[in-house]
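S.K.: I would like to see how this sequence folds:
(one chain, ligands or ions: 1)
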Amino acid sequence: MNLNDIEKLGVPDQVLSVVPQVEQRTGIPIEFREIDEAAKSKLGQFAKAEAVLDIDAQYQTIRVWIAPECRRAHAITHELLHLKRDVLEGSPRWFPSVDAPVGSEALVFSLQTELDHLYVIPEEIALHPEAQGWWDNHYEETIGRAAERQDHFAIAMHWALLRTTMPESNRAMLACAERVRTLPSAWLRVINNYQCDVRDALHDPMALMAHQIAFVRQAYPDDAQYFMRGKYISEGGRLGVKCL
Ligand SMILES: [Zn+2]
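M.R.: The predicted structure follows:
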């Protein structure tokens, strides 16, 4: 798969232009690859995704992994918007510390995905209105599954995302609100407060990250130590990571 194939799917030019800009700045050729069995073991928690952005500053590689059945333009746009935020805009983000155990690392990636999605999903829907239905289904399923396993932390995270990224979405909102209302009242308060904190801090990612880590400390106090704030930098034709 190459940039021509991606273009044929209907990814807008302004999104495609992220690819040469990132290549020029980092000196790294961006690879578009199909998710195969070997890739699945490497991608871990993301193996079932339709598309995954995989940036590796240590080995100087940037790959967009795409599931063989994925032919939806908005899924590719989504990954390239992540790439834009990470490399072109150098947005603050979470990295797991080098000593993070696997479970804590997964938590760091979840919070990082939440942080990025607060900005990426509205941009994706603005470019591809059909993506709204896909995200409606996604939130409904994800919050439904989290409610079944009584995972209040995951419910709070996805509820804040849903309310912030799709304020006009009725279907997922109604279905999820029903789930959220059945939670113990102490958690309901925590979830509502977290959602307001996230919404109010959208203009300031560092403040938003402070709310996220406070929330992690509350739910998973032992894992907070493995969260590192940083950003990607591209200097001298190389991609690096700077701690913040
Ligand atoms: Zn994403």
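S.K.: Strands of the protein, start to end?
M.R.: Using DSSP state E, the strands found in the chain span residues 30-34, 51-56, 61-66, 93-96, 227-235, 238-243.
S.K.: Other residues contacting the third one?
M.R.: Among residues not part of strand 61-66, those counted as contacts by C-beta atoms under 8 Å, 6 or more residues apart in numbering are 1, 22, 26, 28, 30-35, 39, 43, 49-56, 75-76, 79-80, 83, 87, 239. No exception for glycine: its C-beta is placed from N, CA and C like everyone else's.
S.K.: List the strands paired with that strand, with their directions.
M.R.: In the sheet, strand 61-66 lines up against strand 30-34 (parallel), strand 51-56 (antiparallel) (DSSP bridges).
S.K.: thinking again about what came up before, quick one: buried ones out of the contacts of strand 61-66?
M.R.: With burial judged by 16 or more other C-beta atoms under 10 Å, the buried subset of the contacts of strand 61-66 is 22, 26, 28, 30, 32, 35, 39, 43, 49-55, 75-76, 79-80, 83, 87, 239.
S.K.: Flag every buried residue along the biggest helix by length in the chain.
M.R.: The residue-count maximum for a helix in the chain (DSSP state H) belongs to helix 102-127. Burial within helix 102-127, assessed by neighbour count using 16+ other C-beta under 10 Å, is assigned to 104-125, 127.
S.K.: same for it, what does it pack against?
M.R.: helix 73-83, strand 93-96, helix 131-148, helix 152-165, helix 205-219 (3 or more C-beta pairs under 8 Å, 6 or more residues apart in numbering; DSSP states H and E).
S.K.: My read is that V241 contacts I233, right?
M.R.: Yes. Using C-beta atoms under 8 Å, V241 makes contact with I233 at a distance of 7.1 Å.
S.K.: coming back round to it: could the strands of the chain go into CSV alongside mean pLDDT and distance to R149?
M.R.: Listed next are the strands of the chain as CSV, based on pLDDT from 0 to 100; distance: least, C-beta to C-beta, whole Å:
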stretch, mean pLDDT, distance to R149
strand 30-34, 93, 31
strand 51-56, 94, 24
strand 61-66, 95, 27
strand 93-96, 98, 23
strand 227-235, 96, 23
strand 238-243, 96, 33
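S.K.: so what's D223 up against?
M.R.: Contact analysis of D223 by C-beta under 8 Å, 6+ apart lists G103, S104, L107, V108, V216.
S.K.: Kindly recompute the last result at 10 Å.
M.R.: Going by C-beta atoms under 10 Å, 6 or more residues apart in numbering, D223 touches P96, A100, P101, G103, S104, E105, A106, L107, V108, L111, V216, R217.
S.K.: Where do the domain boundaries of this structure fall?
M.R.: As assigned by automatic domain parsing, the chain contains the domains 1-89, 99-224.
S.K.: My read is that I233 contacts A57, right?
M.R.: Yes. Counting by C-beta atoms under 10 Å, I233 sits close enough to A57 to count as a contact (9.1 Å).
S.K.: The lowest-mean-pLDDT helix or strand in the chain packs against which elements?
M.R.: Sorted by mean pLDDT, DSSP states H and E, the helices and strands of the chain end with helix 37-43, the least confident at a mean of 80. The criterion is 3 or more C-beta pairs under 10 Å, 6 or more residues apart in numbering; DSSP states H and E, and the helices and strands that helix 37-43 contacts are strand 51-56, strand 61-66.
S.K.: one more time with 8 Å, if that's ok
M.R.: Under the contact criterion of 3+ C-beta pairs under 8 Å, 6+ apart, helix 37-43 touches strand 51-56.
S.K.: Just the C-alphas of the strand it packs on, formatted as PDB.
M.R.: What follows is strand 51-56, C-alpha atoms only, in PDB (Å, rounded to 0.1, in the frame of the first residue of the first chain):
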ATOM      1  CA  ALA A  51      -5.600   1.400  11.300                       C
ATOM      2  CA  VAL A  52      -2.800   2.200  13.800                       C
ATOM      3  CA  LEU A  53      -0.100   4.900  13.800                       C
ATOM      4  CA  ASP A  54       3.200   3.500  15.000                       C
ATOM      5  CA  ILE A  55       6.000   6.100  15.600                       C
ATOM      6  CA  ASP A  56       9.300   4.700  16.900                       C
END
